[in-house]
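Colleague: the following block contains a protein sequence and its predicted model.
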Amino acid sequence: MTELESMYSKEISNHRSWLNLFDKRRGGRWKQLLKSDPEAAICEASMRQLLSEHGITVEPYESLGAGGPDFICKREGKSFFTEVTCVKMEKVTSRTNLADKPTGGGFYGSLTDVFLSELCNKVTQCSDSNAPCVVAISTLHFQGGALCFGKRAAEDLLTGTTKITWKYNAQRGQAIGDPYESTSLQDSAFIRFVKGASGKIEFARNPVSAVILCAFRPDPAKVVGALHPNPNHQFERSLLLNIEFGRIVQGSWDTGCLKVEWI
């Protein structure tokens, strides 16, 4: 047993037993995943446990042949799907320059483009859903989870990575006025500029109703969400009341000044 498997032995045991309740083939398939990709398997098990702890009834949903979201989740007569994806510890270290174990302060990189890539890879699995589909982007990286999976990360995913901008006077060769934040929406999850239409915005990746960023280390898990402003199926955030969700303020994309609110 690896150090990681030892650390998550309870989650592994519980998830294997849970899967076998439905179909032993699912338990066998997940056992193979645990062997070939332990981080992905543990994140799946940890996400299922987190949903259960929030009062959600969770059942396997992914077809053994055709794919689809990992879980169907039910509460109070309402349903949504959850698809889990894992940002590997090695990737987090290489993109952020953060060691897995706690170290001193210093500069570290963002994971916004990584989150967007993970989300894009899951859109197809949500495209045939007849209920809201939530993509849970998770990691087992200690420092990366603590520093890069919080509210600011969710806000950057909603608006795209922002940068400090000045207006520039070419004749004077200097910046003028006060600095302000701007974004190109390049790595925004749910909105983008329409090609060929200056400043006009359209919605993107509509099959995904929401994203949840889940850092399963440190303990307890650090979890925040981001809501799609115009999905195919609206996710009712009341189903996960203990998780804060950010969303773009309605209509602010038309004003040229994006605002994010937390609910």
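Modeller: Yep, it's here.

Colleague: P38 versus I191, what's the distance?
Modeller: 35 Å (CB to CB, to the nearest Å). Backbone N, C-alpha and C define where each C-beta goes, glycine included.

Colleague: spatially nearest residue to F142, not counting backbone neighbours?
Modeller: R217 (4.6 Å; CB to CB, 6 or more residues apart in numbering).

Colleague: is the one you found in a helix, a strand, or coil?
Modeller: Secondary structure assignment for R217 (DSSP: H, G, I helix; E, B strand; the rest coil): coil.

Colleague: so for it, what's the pLDDT?
Modeller: Looking at R217, its pLDDT reads 88.

Colleague: show me where the stretch 51-200 of the chain has strands.
Modeller: Remark: strands assigned in the stretch 51-200 of the chain by DSSP state E, counting those that start in this stretch are 57-60, 71-75, 78-86, 133-139, 163-169, 174-182, 191-193.

Colleague: A40 - that's part of a helix, no?
Modeller: Yes. Under three-state DSSP, A40 sits within a helix.

Colleague: ok, it - how many residues close by?
Modeller: If you count neighbours by other CB atoms under 10 Å, A40 ends up with 19.

Colleague: how about E90?
Modeller: 11.

Colleague: contacting residues around V249?
Modeller: 258-261 (CB atoms under 8 Å, 6 or more residues apart in numbering).

Colleague: distance of it relative to T255?
Modeller: From V249 to T255 the distance is 9 Å (CB to CB).

Colleague: not counting its neighbours along the chain, what's nearest A204?
Modeller: A204 sits nearest to R192 (CB to CB, 6+ apart), 4.9 Å away.
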